[in-house]
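**Q** Next come a sequence and a model predicted from it.
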Protein chains: 2
Amino acid sequence: MIYQPIRLAFSVSTKQLCRIPGPIRISTVRWMASPIEKLTILRKSFDGEKIDAYLLPSTDAHQSEYLAEFDFRVKFLSGFTGSNAFVLVTRDKALLWTDGRYFIQAEAQMSGDWKMMKQAVPDAITPTEWINSNMAKGSIIGFDPDIMTYDEARSMGGRLKSVGYTMKAVHGNLVDRFWKDRPSLPNKKLICLSKEETGAGVGEKLTRVREGLKGKQCTALVLLALDDIMWTLNIRGGDIEYNPLAYSILLITESDAHLFIDPAKLDDCSRSHLGNVSIHGYDDAKPFLKKYAQSLEGTSATVFVPGSTNFAIGELFESRMYQSVSPIQEMKAKKNDVELTGIRRASIRDAVALSKYLMWMEKQVMGGADLTEEAAGKKIDEMRTHEEKFVDLSFGTISAVGAHAALPHYHPSNGSELVKCTTSEVFLVDSGAHYRDGTTDVTRTIWIGGKVPAEFRRDNTLVLMAHIDMASTVFPAGINGIRLDAISRQALWKYGLDYNHGLGHGVGHFLNVHEAPGISHRRYTDSNLLHEGTVITIEPGLYMEKKWGIRIENVYELVGASVPSGASFLAFRPLTWLPIQREIIDCFLLEERHKQWLNEYHSKTLSIQKEEISKRSGDHSEVLQWLEKACAPI
Amino acid sequence: MIYQPIRLAFSVSTKQLCRIPGPIRISTVRWMASPIEKLTILRKSFDGEKIDAYLLPSTDAHQSEYLAEFDFRVKFLSGFTGSNAFVLVTRDKALLWTDGRYFIQAEAQMSGDWKMMKQAVPDAITPTEWINSNMAKGSIIGFDPDIMTYDEARSMGGRLKSVGYTMKAVHGNLVDRFWKDRPSLPNKKLICLSKEETGAGVGEKLTRVREGLKGKQCTALVLLALDDIMWTLNIRGGDIEYNPLAYSILLITESDAHLFIDPAKLDDCSRSHLGNVSIHGYDDAKPFLKKYAQSLEGTSATVFVPGSTNFAIGELFESRMYQSVSPIQEMKAKKNDVELTGIRRASIRDAVALSKYLMWMEKQVMGGADLTEEAAGKKIDEMRTHEEKFVDLSFGTISAVGAHAALPHYHPSNGSELVKCTTSEVFLVDSGAHYRDGTTDVTRTIWIGGKVPAEFRRDNTLVLMAHIDMASTVFPAGINGIRLDAISRQALWKYGLDYNHGLGHGVGHFLNVHEAPGISHRRYTDSNLLHEGTVITIEPGLYMEKKWGIRIENVYELVGASVPSGASFLAFRPLTWLPIQREIIDCFLLEERHKQWLNEYHSKTLSIQKEEISKRSGDHSEVLQWLEKACAPI
């Protein structure tokens, strides 16, 4: 599934249960209040807080990629449901910044009380520039220190200060104060993973973290990124749909570890699993950390505060802060043998389910069945649930027919999902799951029936070449992912074609489907390095508006490559072993090396799936036959 | 010539004339003072300035890539002659940070009073971290606001403040105060370029700049980058060896332009050329700009202050600053037709000189002449001076035999330049010139006599393939240069080989040999975009320690590419038309497309050079014969 530089899409949590939102001061406002009523109530709080405007980025206290409805304040306030939004409400203006994916949608969803501001276009005006040009000097701009990062607040605060404004942290979100029908958070029990499942126990991981801290001369680490916390403590949660995360905060000192989490999520088993980790309530984090920071006064202690930490927590350690990317990010990315073994197995099981699914799709479409795009998507979701160790989907399946596939982030609307799967249109399915031993993410583009326009065949072949060009690249260990992205685009560039998303993203071990490092031209961070043991997707695409969309996505592990120089180089080894439709390839475009790669990939796919199927009871002759055909050499 | 992320090498100016350095308070210190004596005198000034330590980056007030000796304070103070240095002197410690190129050299050049600190190694300690771990809280760290950029000083100051220290601007460099024998600056007259030579007059350029400022809602622009100023005013100088630059500062307002420059550099001609531009003394810049900033008080005026502006100037506009990359950078990079025509012609003349030189080298080496590496370098320098419109070399020629070529930044030392050019060693020559109509930069690697080890032949072929792979890439207009770098490395990576510098750099129009944008994995800036009309090198290399070094460098212009989709794509068109030695290529390694490219390149080289030579008087039959052979198809 494509990774976006900014969060991709919010996901509506269907599992919201019982977490009680914070104090509600104005209890009369319901969801039904009009946009202007909401703005009026928000503005009424400005005087009490001594502010002239209020900033509201669309994120949560942990800078999660996906939001629970609980945290979707921007939607409640503005009506805009896009994933990327930055709101500024002044006494007489309400502005919402978003990017090109959402220009039309934002205009349509917001009332006339709101003004949409464009991001990432030439001569775009930033919030700071807007404030500087439109607000009286000396104005005070409020923000929620829980959802703005320390970095963002400091840097925007510094810029605003230099042009005559003040940024002020307003504790307690101003929207939450009157958001009466705010959805609650789910409260699933924690899942605990054993050392046999993770390859490293909690104690061992904490020791490694502490060694790393020593190297940086730090005495403690504060973690807010939920997947970092889950990985460190070998736990998983269910607070955000498709993301096995539990809202929590973790403090690791030289001697102790303190986990702040809703105790209702724990049971005897997880308490025992967490052993020496002290458990506190989620809301106790701030007072506890404040006290902890105070206890360091007079010492030379330095605390590691990852760059994405929110302002409220970051501020506590301001005078003794070591700021950098979370050290867990790289530890988590370099999978150990147990994790890799698990992911390999999960990927093979997942691919068997997908093979059966693709065979089923062929039969349905060739048989002229009345199959909607929506039903086609639901079918694979259902088929996966039967696989061993299945826990959940890893994201909402993208099932797209024809022109829908040309929208890389297609979500059905207005009944579009009722379109039929036929032999006269392409079908793209991007889906994956969390298994207890690994997370998967696969995209296949198929066109059943063989009546394929020559132009589509060419486009599809170019995307396949882009995929193979990347998958067969050998490169120096430790380089930044941004460097590889263009290698895969050359096949498309020769035809003047390109696609507008990154090439691939890291995948967690039964954890977020998107994690660092990525292979993308979009983001450059010094920490985005490719190491042995990293699990990462390759997913080039091509999107021809109103015609078709193509994406071919596998997950790979990075393994040591054998090179004549003997230097430390890496190669991609597939984790996803699933046929790539042969009938829609223009063999004349392929170079010999592409054919070789594909034939070898298919030959291994056949043997690996056969082996997996041979372990299963029942009659699998039909899918075996289908695989033989789908994996034949070209 | 390879571009370095940090300045590449200082250049000893041999043309220093008469600029008088600033006030000298302690007049007894000469170059001969011992390192500890210098440190002692420096430390004595701490009390008067109320500081506990002093920072000294090795740069000048304009953040120039190359330093005049006049500005080489770090060398005077520490003895270290490397180009990258960041010094911190406390009351009892003297520390110098540098990168891996200089670890051995720094240790050797500095006395025991100094401690070398490593940059860009794992667990490197930054100056801020060092201060935090080693200095008493509350310490005050002084810096020269003329040579630290506003950005650097603000960001380092902010970090230090958050951990309990203060950064303090100390006006008047503390080293200059006791540097008695400080070299003076040269004082060459300005060269003025006509509209016929530049394609756009000064008035036209100022109008374009002002239009750009309007788009950013700015009322003025302050320029300190010397090449930006030269380009805007169609002038060139000679203050820094090999760089046609004159020390100056430029203020462009909505109605006026003010140039701050030593008036001794002007004559009637340049005064007339500069027309409506007001001329002030160089040292009048700060008081004038201060007054100008004061005159804006009470208005909403915003001033465009490029990110590299020094702190002293940046601070003046702090409350009304628009900070971004200089708008001149992109204007300068997109060459107009007149500039491109000039560069094409200069490159052809330059290539004819180089052809004659390569032929001469062959004859010398084959004839067993007693030719040193140094003499070989001087010969091409001398031959270039005879070419029409020659002004100067564009950098110090790198002439390297055998293992010397394995040092990408080879500079002779201890008589190493006396090594002989023979048939048993490789010869690498990286050289270029400023002509009045364009700047050149070419590297060729040759091995004369044909007795070439198979391993060298392979290495050389891989570098050639890397060059061709880049030169034949077609890519979307406007992308960031960092994205292309790896495309050219694939040929090397397959063998587990790589090189440790960027692929290429922009080249000025009779201006700096290094300018933005670059194609390199080393730097990522949002402004490093590749547009039509950009002039840029391709120069992959391979360096086998103690054996040989290889680099093949041409300059290219970026031109619109014709692609089936009709979208806006770019291609590389050669500006350098010079034979690439055919005898040292392993044709079995080349793919068909490489052979095609090379044969086409050589065929055009032959016809282009023939045409140029046909315009010249005298007998050129020998070089024509040589070219026929050197350009034959493979």
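**A** Now that the structure is in, tell me what you want to look at.
**Q** So, low pLDDT: which residues of the stretch 401-550 of chain A?
**A** For the stretch 401-550 of chain A, residues meeting the criterion pLDDT under 70 lie at A:523-524, A:526.
**Q** what residues does it put near chain B?
**A** For the stretch 401-550 of chain A, the residues found near chain B under the criterion CB under 8 Å from any CB of the partner chain are A:473-476, A:479-480, A:482-487, A:489-490, A:493-498, A:521, A:524. Using the backbone N, CA and C atoms, a C-beta is placed for each residue, glycine as well.
**Q** Of those residues, which belong to strands?
**A** Under the assignment DSSP state E, these contribute A:F475, A:P476 to strands.
**Q** In helices only, show me the residues of the stretch 401-550 of chain A next to chain B.
**A** When those are checked against helices (DSSP state H), the matches are A:Q490, A:W493.
**Q** Buried ones among the residues of the stretch 401-550 of chain A next to chain B?
**A** Burial of those was assessed by neighbour count (16 or more other CB atoms under 10 Å in any protein chain shown); the buried members are A:473-476, A:479-480, A:482-487, A:489-490, A:493-498, A:521, A:524.
**Q** how close does the residue nearest the centre of chain A sit to chain B?
**A** The centroid of chain A falls nearest to A:H514 when counting by CA atoms, centre = their mean (3.9 Å). Going from A:H514 to chain B by CB to the nearest CB, to the nearest Å gives 21 Å.
**Q** Contacts only, for that residue.
**A** Applying CB atoms under 8 Å, 6 or more residues apart in numbering or on different chains to A:H514 gives the contacts A:M1, A:Y3, A:L8, A:E65, A:H505, A:G506, A:V507.
**Q** Which member of those residues is positioned nearest B:A561?
**A** Checking these against B:A561 with CB to CB, the nearest one is A:Y3 at 29.1 Å.
**Q** what's across from the nearest residue to the closest one once chain neighbours are set aside in the sheet?
**A** Distance criterion CB to CB, 6 or more residues apart in numbering or on different chains; nearest residue to A:Y3, sequence neighbours excluded, is A:H505 at 3.7 Å. Taking DSSP bridges, one finds A:G518 as the beta-bridge partners of A:H505.
**Q** what about A:H505, how many residues close to it?
**A** Counted with other CB atoms under 10 Å in any protein chain shown, residues neighbouring A:H505 total 27.
**Q** Please give me every residue in contact with it.
**A** The contact partners of A:H505, taken as CB under 8 Å, 6+ apart, are A:I2, A:Y3, A:V513, A:H514, A:E515, A:G518, A:I519, A:S520, A:I536, A:T537.
**Q** switch the cut-off to 10 Å
**A** Contacts of A:H505 were listed using CB atoms under 10 Å, 6 or more residues apart in numbering or on different chains, and they are A:1-4, A:441, A:481, A:512-520, A:535-539, A:555.
**Q** Please apply the same query to A:L393.
**A** Listed by CB under 10 Å, 6+ apart, the contact set of A:L393 reads A:E241, A:Y242, A:I380, A:D381, A:R384, A:T385, A:S431, A:G432, A:A433, A:H434, A:T440, A:V513.
**Q** One more: A:W231?
**A** Applying CB under 10 Å, 6+ apart, the residues contacting A:W231 are A:193, A:198, A:200, A:205, A:223, A:225, A:328-329, A:331-333, A:339, A:508-512, A:515.
**Q** so of those residues, which ones are in helices?
**A** Reading helices off these with DSSP H, I get A:T198, A:K205, A:I328, A:Q329, A:M331, A:K332, A:A333, A:E339.
**Q** Looks like the fifth one contacts A:T207 (just checking).
**A** This means A:M331. No. Contact criterion CB atoms under 10 Å: A:M331 and A:T207 do not qualify, at 11.8 Å.
**Q** ok, these two, which is more surrounded?
**A** A side-by-side neighbour count of A:M331 and A:T207, using other CB under 10 Å, places A:M331 first with 18 against 12.
**Q** In terms of secondary structure, what does the strand of greatest length in chain A contact?
**A** Looking across chain A with DSSP E, the single longest strand is strand A:554-561. In terms of contact count using 3 or more CB pairs under 10 Å, 6 or more residues apart in numbering or on different chains; DSSP states H and E, strand A:554-561 is assigned the packing partners helix A:337-366, strand A:442-446, helix A:454-471, strand A:475-476, strand A:504-506, strand A:535-538, strand A:569-574.
**Q** Pairing partners for it, with directions?
**A** strand A:535-538 (antiparallel), strand A:569-574 (antiparallel).
**Q** which residue does the stretch 351-500 of chain A bring closest to chain B?
**A** Evaluated by CB to the nearest CB, the stretch 351-500 of chain A has A:G496 as its residue closest to chain B, separated by 2.7 Å.
**Q** So for A:C18, what's the pLDDT?
**A** On the pLDDT scale, A:C18 is placed at 27.
**Q** Just give the number of residues close to A:K451.
**A** Counted with other CB under 10 Å, the neighbours of A:K451 add up to 9.
**Q** Stretch A:330-346 near chain B anywhere?
**A** No. Judged by CB under 10 Å from any CB of the partner chain, stretch A:330-346 makes no contact with chain B; its nearest approach is 11.8 Å.
**Q** That stretch: end-to-end distance?
**A** Stretch A:330-346 has its terminal residues 22 Å apart, counting by CA to CA, to the nearest Å.
**Q** again with stretch A:420-431
**A** Per CA to CA, stretch A:420-431 runs 19 Å from first to last residue.
**Q** how far out from the middle of the chain is that stretch?
**A** 25 Å (CA atoms, centre = their mean, to the nearest Å).
**Q** Can you tell me which of the strands paired with strand A:554-561 is most buried?
**A** Ranked by mean neighbour count, these are led by strand A:535-538 with a mean of 26 (mean count of other CB atoms under 10 Å in any protein chain shown).
**Q** Past that one, which element shows up next along the chain?
**A** Later in the chain than strand A:535-538, the nearest helix or strand by DSSP states H and E is strand A:541-544.
**Q** Packing partners of that following strand?
**A** strand A:442-446, helix A:454-471, strand A:548-551.
**Q** So which bits of the stretch 101-250 of chain A are right by chain B?
**A** Residues of the stretch 101-250 of chain A lying close to chain B by CB under 10 Å from any CB are A:122-123, A:125, A:129, A:132-133, A:137, A:154-155, A:158-159, A:161-164, A:215-217.
**Q** low-confidence ranges in chain A?
**A** Checking chain A against pLDDT under 70 turns up A:4-32, A:523-524, A:526.
**Q** Mind listing the residues bridging to the nearest residue to A:Y499 once chain neighbours are set aside?
**A** Sequence neighbours aside, A:G541 is the residue nearest to A:Y499 in space, at 4.6 Å (criterion: CB to CB, 6+ apart). With DSSP bridges applied, the residues forming beta bridges to A:G541 are A:R551.
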